[in-house]
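J.: no FASTA, just this:
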């Protein structure tokens, strides 16, 4: 049976608290995200040269001194923040200049 204990001094940060470890190097953790949602997860050391599977997260943490760790940086493999759209490389000013240059009345490009 699992039970979740709310982190009292969360400071509305992304925190990780180890709950127990197994013989294979994996650790069961509680992840407390800003907004006070929690989830259970399994953490394992990354293996150099081995790619992440889709949905796996690589996190950099900093010890807080109370048994918890603050997530200071993370990368989730295979998650597209753009919802399938390509990255935007042109700014509004660039597009404005492009339109003035190549869409000028009487001009041709």
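T.: It's in. These figures come from a predicted structure and were not determined experimentally. Residues are numbered from 1 along each chain as shown.

J.: which residues touch stretch 46-59?
T.: Residues outside stretch 46-59 that contact it (C-beta atoms under 8 Å, 6 or more residues apart in numbering): 16, 71, 73-79. Bear in mind the C-beta positions are built from the backbone N, C-alpha and C, glycine included.

J.: quick one: distance of that stretch to the chain centre.
T.: 13 Å (C-alpha atoms, centre = their mean, to the nearest Å).

J.: what is the mean pLDDT for that stretch?
T.: Stretch 46-59 comes out with an average pLDDT of 89.

J.: among the contacts of stretch 46-59, show me the least confident.
T.: Per-residue pLDDT puts residue 79 lowest of these, at 64.

J.: what about the protein, any weak spots by pLDDT?
T.: 1-8, 79-89, 104-109 (pLDDT under 70).

J.: could you rerun that using 80?
T.: Scanning the chain for pLDDT under 80 picks out 1-11, 77-90, 95, 98-109.

J.: tell me how far residue 35 lies from residue 22.
T.: According to C-beta to C-beta, to the nearest Å, residue 35 and residue 22 sit 29 Å apart.

J.: neighbour count winner among the two?
T.: residue 22 (10 against 7; other C-beta atoms under 10 Å).

J.: quick one: the more buried one from residue 93, how far?
T.: Distance, residue 22 to residue 93, using C-beta to C-beta: 54 Å.

J.: residues near residue 92, how many?
T.: Residue 92: 8 surrounding residues under other C-beta under 10 Å.

J.: check residue 28 too.
T.: 14.

J.: so where do the helices sit in this structure?
T.: 92-102 (DSSP state H).

J.: quick one, strands of it?
T.: 15-21, 27-33, 37-43, 57-63, 69-76 (DSSP state E).
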